[in-house]
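A.B. asks: Give me a 3D structure for the following:
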Amino acid sequence: MIFFPTLAISLLFHVRRMYKSLVFSMVMVAPLYLVWDFLATWKDSWSFNPHWVLGVYVVDLPVEEVLFFFVTPFATLLIYDFVMCKFKEREINFITRRKVTISALVLLFLDVLFTGYSYTFVDLIYVSASLLLSNVLDPDMLRSTNYWLFVALTYIPFLVFDYFLTSLPVVIYGPHSILGIRIVTIPIEDALYSFSMMNFYTLFYRQGRKVWSLIG
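C.D. replies: Numbers count the residues shown, from 1 in each chain. Take a look at the predicted model:
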């Protein structure tokens, strides 16, 4: 479903895509989330309703879930390319490396309060790691107005698709995996999960662009 709005944006706005950087980002980031996904299903943090999947599995993961980690960056990073093409980039001065580091470390410190909630606990580790790594490799990304506009826009498809995933439900959360705080039917953990993914995928997409621009 997400392919069609992506195709429409590409055709209407002639957004230039960096496919080598896109593949680089997928190769670097998708394994991080696949490993988490395999372990989470193994530990019953979440599972997939067999009524809504094809029944083709990679180990314990439905093939649709594996493809999610490649389709999502393919579609959402188009939004990033669109924002970068159409909007003037400005620097947010109050976001400093020190503040980002402190924020990430505070999240890690608070995480000890959530050891009884497996999804929440790992979620905060991924969010913190994505902020710390971005802060080291590409602090300009976190200071860019375009980056935060992109992140905000990604929550539009996120809310639509995750509502269906959690209301049907396609994804079923295990006991003691989430806090129970929901945006309609969507666990707050899913919003944090999406944020960490966007941080990681965009970070390595930008790193890829730098590498290919030097080579090319």
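A.B. asks: switch to C-alpha atoms for all contacts and neighbour counts from now on
C.D. replies: Noted.
A.B. asks: Confidence-wise, which helix or strand of this protein is lowest on average?
C.D. replies: helix 3-13 (a mean of 65; mean pLDDT, DSSP states H and E).
A.B. asks: next helix or strand past that helix?
C.D. replies: helix 19-42 (DSSP states H and E).
A.B. asks: What are the contacting residues of that next one?
C.D. replies: Under the criterion CA atoms under 8 Å, 6 or more residues apart in numbering, residues 46-47, 60-61, 66, 69-70, 73-74, 77, 119, 200-209, 212 lie in contact with helix 19-42.
A.B. asks: ok, now stretch 84-97?
C.D. replies: 15, 135, 139-140, 142-146.
A.B. asks: mean confidence for that stretch?
C.D. replies: Mean per-residue pLDDT for stretch 84-97: 94.
A.B. asks: next one: stretch 39-51
C.D. replies: 95.
A.B. asks: Figure out the length between the terminal residues of that stretch.
C.D. replies: In stretch 39-51, first residue to last residue: 22 Å (CA to CA, to the nearest Å).
A.B. asks: Now do residue 186: how many residues are near it, please.
C.D. replies: A count of neighbours around residue 186, defined by other CA atoms under 10 Å, yields 19.
A.B. asks: Check whether it really touches residue 161, as I assumed.
C.D. replies: No. Taking contacts as CA atoms under 8 Å, residue 186 lies outside contact range of residue 161: 10.0 Å.
A.B. asks: picking up where we left off before, from the contacts of helix 19-42, which would you call buried?
C.D. replies: 46-47, 61, 66, 69-70, 73-74, 77, 119, 200-209 (16 or more other CA atoms under 10 Å).
A.B. asks: Export stretch 61-75 to PDB, keeping only CA atoms.
C.D. replies: What follows is stretch 61-75, C-alpha atoms only, in PDB (Å, rounded to 0.1, in the frame of the first residue of the first chain):
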ATOM      1  CA  LEU A  61       9.000 -14.000  11.100                       C
ATOM      2  CA  PRO A  62       6.300 -13.700   8.400                       C
ATOM      3  CA  VAL A  63       7.900 -12.700   5.100                       C
ATOM      4  CA  GLU A  64       5.800  -9.500   5.200                       C
ATOM      5  CA  GLU A  65       7.600  -8.500   8.400                       C
ATOM      6  CA  VAL A  66      11.000  -9.100   6.800                       C
ATOM      7  CA  LEU A  67      10.100  -7.000   3.800                       C
ATOM      8  CA  PHE A  68       8.900  -4.200   6.100                       C
ATOM      9  CA  PHE A  69      12.500  -3.300   6.900                       C
ATOM     10  CA  PHE A  70      13.300  -2.700   3.200                       C
ATOM     11  CA  VAL A  71       9.900  -1.300   2.000                       C
ATOM     12  CA  THR A  72       9.700   1.300   4.800                       C
ATOM     13  CA  PRO A  73      13.100   3.000   4.100                       C
ATOM     14  CA  PHE A  74      12.400   2.900   0.400                       C
ATOM     15  CA  ALA A  75       9.200   4.800   0.900                       C
END
